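A.B. asks: how would this look folded up:
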Amino acid sequence: MKRIVTYVLLTGASATLFSCGSHETAKQPAAAKVQVTDSGRTVQFPPDSTTLHFFGTEKIGSTSMSAQLNAPARVAATVVHSSENPSQNLVLFENPELTANYTSLLQHIISIREKGSIIQQKKSIATQKQIEVDRFTDLANHGAGTGKDVSDAKTDLIGAQTDIAIAQNDLANEKTAVIEHETRLKLAGFNPESLIHASADKVWVICDIPESQVNNIKTSSTCQLHFTSYPNQTFTGTIESVGEVVDNITRMVKLRIGLPNLNNQLRAGMFASVSFGVSEGNNLSVPKSALITVQGKNYVFVKTNATTFTRKEVLSGTQINDRVIIYGGVQAGDEVVTDGTMQLKGISFGY
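C.D. replies: Numbers count the residues shown, from 1 in each chain. Sure thing, here's the model as predicted:
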């Protein structure tokens, strides 16, 4: 059996009249009954109730959602000319450990090139030794050489092949070291290849963004930066990369921004604030005022006819400015209550 709870709303003000030692009680106003059914999910007001004018509504639909995201940042590295080695610019890092990693990376890359050349030389030597073995073997087979000559040639070949194996092992160790340093640089938000080939007067700014915003950030898009050192200037940077690792504790992802260092104004370690627009795409949304939360669940009230409101549980998402994205529970065209929501909450839930 459906249980009906009835609320009594007074539609007028009662008054007591006093005059000349006598008094007369005014007529009691008519009582308007509000019916609450379906365990509080449906609230129905009487027709022509003045209370209905208290509730404002909005017909919802899918719209393009975007917002301005701000994040603290810092200048993590700058690129300057090298007077000692013009072919390789210097990268000045805010973090000394990254400086050591980058320097070691360059050294190992140089070593890899050298060891690659050494291996080619040793392979040439081994090829020559193989030719000698074949020649001495042929001579011995035709009685023009001795077995000792063949044995000595084979020993020399084995020595050359051993040298190749040692050089290849050294090369593998150098490549492993490169991977280690590249990993540390990437975890800090840098692209090792970009560092190596960076032009002078380049600056990289690193900021952290929430994991939930990763899909909304587009590389190659621009952003605005304001530095503490230059409060009256606005700088424009380009988003170069979104980090590949999410911090296990903060759930943040590193964002790398590049910009030119005009007039050499910016220094590694400077603080900044980054702002850029993020797009959530086309989504169904409701005003924040329409959403209520009870025991960890989110609800809205939908006006189903002129006098009836229905409580619906919804799956809500990110809040963008003063609106909240809704993924389920209501649909486009629903007339959602935006004013008087708390009053309906009290009637619906009984408090």
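
A.B. asks: which SSE is the nearest residue to Gly258 once chain neighbours are set aside in?
C.D. replies: Nearest in space to Gly258, with sequence neighbours left out and distances taken as C-beta to C-beta, 6 or more residues apart in numbering, is Glu240 at 4.8 Å. C-beta here means a position set from N, CA and C on the backbone, and glycine is covered the same way. According to DSSP states H and E, Glu240 maps onto strand 230-246.

A.B. asks: what does that strand rub up against?
C.D. replies: 186-187, 189, 191, 194, 204-205, 209, 211, 214, 217-227, 252-259, 265, 272, 274, 276 (C-beta atoms under 8 Å, 6 or more residues apart in numbering).

A.B. asks: Just the C-alpha atoms of it, please, in CSV.
C.D. replies: Provided in CSV are the C-alpha atoms of strand 230-246 (Å, rounded to 0.1, in the frame of the first residue of the first chain):
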residue,chain,number,x,y,z
TYR,A,230,57.2,40.6,-13.3
PRO,A,231,53.7,41.1,-11.9
ASN,A,232,52.6,43.6,-14.6
GLN,A,233,53.6,41.4,-17.6
THR,A,234,51.8,38.5,-19.3
PHE,A,235,53.9,35.9,-21.0
THR,A,236,52.5,33.4,-23.6
GLY,A,237,53.8,29.8,-23.6
THR,A,238,53.1,26.7,-25.6
ILE,A,239,52.1,23.4,-24.0
GLU,A,240,54.8,20.9,-25.2
SER,A,241,54.0,17.8,-23.3
VAL,A,242,51.8,16.2,-20.7
GLY,A,243,53.6,13.9,-18.3
GLU,A,244,53.4,10.1,-18.7
VAL,A,245,53.4,9.4,-14.9
VAL,A,246,50.7,10.2,-12.3
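
A.B. asks: Paired strands for it, with orientation please.
C.D. replies: strand 222-227 (antiparallel), strand 252-260 (antiparallel) (DSSP bridges).

A.B. asks: just those strands: most buried one?
C.D. replies: strand 252-260 (a mean of 20; mean count of other C-beta atoms under 10 Å).
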